[in-house]
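**Q** Sharing a model prediction with you, sequence too.
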Amino acid sequence: MIYLSKNYGVTDVTLEALRIDLFDTVTVNLPDLGVSNANMYIIAIEHELGSRRCRLTLGGRLELFEDYLSEALGGDVASRFGPRPSVIGEIADLRSTLFLAQKVVTASSYRYVTYWNKRPVTIHGGQNVTINPVTGMVELASGFTSGYAEVRFLPPTEAFRRWGYVEWISYPGGGSITVKVMDPQGNVLAQKSDPGFAGWHLAKRLRLKRWPGRAQEITRRPANRLWTGINAEVFASSGGIVSGSCIGMRPSGSGMGEMVYQLPSATDFSWARFATFFLYAFSPNTTVKLRLYTDPGNYYEGTVTITEPDVWKEYVLDVSTLSRIGNPSLGNVTRIGVASDGPILFDVDYLLHQYLRGQLVVRFELSRPSPTAQSPKISSISITYEEVTTR
């Protein structure tokens, strides 16, 4: 189904027949409604998993499109939709600390994809809850004062880049709701109490942690001024893969050189499970070490050997497998170090991540003071994530 803003009309087509994608511009002609050559933006694509049909939402005005992006993405449109790398390749076990490596062969853009679980809500696990056949919402079953419902989601494509946010629409009624985002093992990644407003509200949103706070904050020009070279020269480069500029490092002697980023204050990274970054080496068999320092004598270290020079690659390190030198603490990191025995370029959007691609479990814990009190209700849930597109 294609829903047009301003009540332009509705028509039925398949996505394959359209050959269009999110954020494309389409020209709409509906003579019976007086619409001729109206340029409109595709601002949402909705489809049921397993279905060959989709629903496209088109914005009739440029202002509507901009407003939609500002609300949905937090207003930082430029940083989210600039050139981005298309990441394809094979898994390579280069070192014990290396989770995977992917070759970057071209530059492209990210797009945001939303899994929308709407009424009647589909739940994949729960206790003492039911789907109201009239409203289609999740609520406590008759006679119970507490219960929970779980929604589980695994991004269906390897083009997944990172998680965005979890959002829901709820009606607290006479009770309360706690929302938890978990991994499949039940470890809580993020949680909050529902603010108690009926319907949609911006406060009904959870985002997984990542660092730094802004994409490419520690590598984009003039971020090179924030790094200090130790037996090395640190420089800005226009050859970055993420969005044009990045930082580079050239050892000044025959041994390893290092560039160090001093954090403004000691930072708690105990939540970080993965580190992701891009490297470009100018000679084969270059060894690169990522270090998370508590102090100069106590740090975590992950090692990568670059066997293929003159090409960008993305590396993902499992933080739990990093080597420990001395007695470091992820809860007390004071600086980031990148050491190398050869000249390299280093680029990153977000270095540390709480969770990468895997099943995400969203649990809604419902409660009310008595069995006769009005039950809290869940009307819908959406899970947004980023994926790379080569279009």
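**A** Received the coordinates, thanks. Residues are numbered from 1 along each chain as shown.
**Q** Spit out the contact partners of residue 343.
**A** 248-251, 281-283 (Cβ atoms under 8 Å, 6 or more residues apart in numbering). In this view, the C-beta of every residue, glycine as well, is placed from N, C-alpha and C.
**Q** Helix, strand, or coil at residue 195?
**A** coil (DSSP: H, G, I helix; E, B strand; the rest coil).
**Q** What is the neighbour count of it?
**A** Counted with other Cβ atoms under 10 Å, residues neighbouring residue 195 total 12.
**Q** next one: residue 145
**A** Neighbours of residue 145 using other Cβ under 10 Å come to 16.
**Q** can you give me the helices for the stretch 201-350 of the chain?
**A** In the stretch 201-350 of the chain, no helices are found when defined by DSSP state H, counting those that start in this stretch.
**Q** can you check the stretch 51-200 of the chain too?
**A** Using DSSP H, counting those that start in this stretch, helices in the stretch 51-200 of the chain cover 62-73, 77-80.
**Q** where does the stretch 251-391 of the chain dip in pLDDT?
**A** 389-391 (pLDDT under 70).
**Q** Repeat the analysis, applying 80 as the threshold.
**A** Within the stretch 251-391 of the chain, the ranges that satisfy pLDDT under 80 run 388-391.
**Q** How about the stretch 101-250 of the chain?
**A** 101-111, 157-158, 243-244.
**Q** give me every residue that touches the closest residue to residue 186 other than its chain neighbours.
**A** Nearest residue to residue 186, sequence neighbours excluded (Cβ to Cβ, 6 or more residues apart in numbering): residue 361, at 7.8 Å. With contacts defined as Cβ under 8 Å, 6+ apart, the neighbours of residue 361 are 150-152, 181-184, 186.
**Q** and after whichever strand or helix holds residue 361, which helix or strand comes next?
**A** Residue 361 is part of strand 360-367 when elements are defined by DSSP states H and E. Per DSSP H and E, the first helix or strand lying C-terminal to strand 360-367 is strand 377-389.
**Q** Only the buried residues of that following strand, if you could.
**A** For strand 377-389, the neighbour count (16 or more other Cβ atoms under 10 Å) marks 377-389 as buried.
**Q** one step back: report the buried members of the contacts of residue 343.
**A** By neighbour count, with 16+ other Cβ under 10 Å, the contacts of residue 343 hold 248-251, 281 as buried.
**Q** Could you list which of those residues belong to strands?
**A** 248-251, 281 (DSSP state E).
**Q** Nearest to residue 260 among the residues you listed?
**A** residue 249 (10.2 Å; Cβ to Cβ).
**Q** So that closest one sits against residue 346, correct?
**A** Yes - in this structure, residue 249 is within contact of residue 346 by Cβ atoms under 8 Å, at 6.7 Å.
**Q** anything in contact with each of those two?
**A** Joint contacts of residue 249 and residue 346 (Cβ under 8 Å, 6+ apart) are 259, 338.
**Q** Tell me, how many residues neighbour residue 352?
**A** 24.
**Q** go on, residue 225?
**A** Neighbours around residue 225, by other Cβ under 10 Å: 10.
**Q** Distance check, it against residue 236.
**A** 8 Å (Cβ to Cβ, to the nearest Å).
**Q** What of residue 168?
**A** In terms of Cβ to Cβ, residue 168 sits 43 Å off from residue 236.
**Q** and what of residue 343?
**A** 14 Å.
**Q** Common neighbours of those two, please.
**A** With Cβ under 8 Å, 6+ apart as the test, residue 343 and residue 236 both reach residue 248.
**Q** Domain parsing of this structure, as residue ranges.
**A** When the chain is parsed with automatic domain parsing, its domains come out as 2-75, 118-208+355-389.
**Q** What mean pLDDT does the shortest one get?
**A** Computed over domain 2-75, the mean pLDDT rounds to 58.
**Q** from what I can see residue 190 touches residue 206, true?
**A** Yes - with contacts counted by Cβ under 8 Å, residue 190 reaches residue 206, the gap being 4.8 Å.
**Q** so what's in contact with those two at the same time?
**A** Common neighbours of residue 190 and residue 206 (Cβ under 8 Å, 6+ apart) are 166, 181.
**Q** distance of the residue lying closest to residue 281 once chain neighbours are set aside from residue 285?
**A** Computed as Cβ to Cβ, 6+ apart, the closest residue to residue 281 that is not its neighbour in sequence is residue 306, at 4.1 Å. To residue 285, residue 306 is 7 Å away according to Cβ to Cβ.
**Q** Residue 200 now?
**A** Residue 200 is 54 Å from residue 285, by Cβ to Cβ.
**Q** again, but for residue 300
**A** For residue 300 relative to residue 285 (Cβ to Cβ), the value is 23 Å.
**Q** These two: which is more packed in?
**A** residue 300 (25 against 12).
**Q** how about the strands of the stretch 151-300 of the chain, start to end?
**A** 160-171, 176-182, 188-193, 205-206, 210-211, 227-230, 232-237, 246-251, 257-267, 274-281, 286-295, 298-306 (DSSP state E, counting those that start in this stretch).
**Q** Output the contacting helices and strands for the second one.
**A** To tie it back to what came earlier, the one meant is strand 176-182. strand 160-171, strand 188-193, strand 360-367 (3 or more Cβ pairs under 8 Å, 6 or more residues apart in numbering; DSSP states H and E).
**Q** who are the neighbours in contact with the spatially closest residue to residue 117 that is not a sequence neighbour?
**A** In this structure, residue 117 finds its nearest non-sequential neighbour in residue 381, 4.8 Å apart by Cβ to Cβ, 6+ apart. Residue 381 makes contacts with 116-117, 121, 151, 166-169, 362, as judged by Cβ under 8 Å, 6+ apart.
**Q** just residue 142 next, same as before
**A** Residue 142 touches 130, 371, counting by Cβ under 8 Å, 6+ apart.
**Q** ditto for residue 352
**A** Counting by Cβ under 8 Å, 6+ apart, residue 352 makes contact with 210-211, 269, 272, 274-275, 319.
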